[in-house]
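J.: Okay, sequence plus prediction incoming.
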Amino acid sequence: MKLKLLAGAAMAAAFAASGAAAQEGWYGAVDLGYHIPRDFETTSSNNAPVTGQPYVWEFNQEDDWAGFARLGYQLNPHWRVELEVDVR
């Protein structure tokens, strides 16, 4: 797992460095990653009418892959038009 994280960080650094020199015109990018969400629990400030106890919600998700692809056109240094597709 640590090797995958290190390899992903190295790839992100390489792509980020190349994106800094972007010029006007067409560009594209692909990002891949692994999503590791944290479980959490929250409590309501309102009480349930039947029990009189606060509502309690638990949120959890499974680990999974994430992928993003972008295609865009840079009109000038301040404006871009971009289409992005992602899967999580």
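T.: It's in.

J.: Describe which strands the longest strand seen in the chain pairs with in its sheet and in which direction.
T.: Longest strand of the chain, by residue count under DSSP state E: strand 64-76. Applying DSSP bridges to the sheet, strand 64-76 is found paired with strand 25-35 (antiparallel), strand 79-87 (antiparallel).

J.: Can you name the secondary structure element that comes next after the first one?
T.: What it means is strand 25-35. strand 40-47 (DSSP states H and E).

J.: I'd like to know which elements that next one is packed against.
T.: With contacts taken as 3 or more Cβ pairs under 8 Å, 6 or more residues apart in numbering; DSSP states H and E, strand 40-47 sits against strand 54-59. Yep, even glycine has a C-beta here, placed from its N, CA and C like the rest.

J.: And the strands paired with strand 64-76: which comes nearest Glu41?
T.: Comparison of the strands paired with strand 64-76 against Glu41 by Cβ to Cβ identifies strand 25-35 as nearest, at 19.8 Å.

J.: Buried residues in that closest one, which are they?
T.: Tyr27 (16 or more other Cβ atoms under 10 Å).

J.: roughly how far apart are Trp79 and Glu24?
T.: 10 Å (Cβ to Cβ, to the nearest Å).
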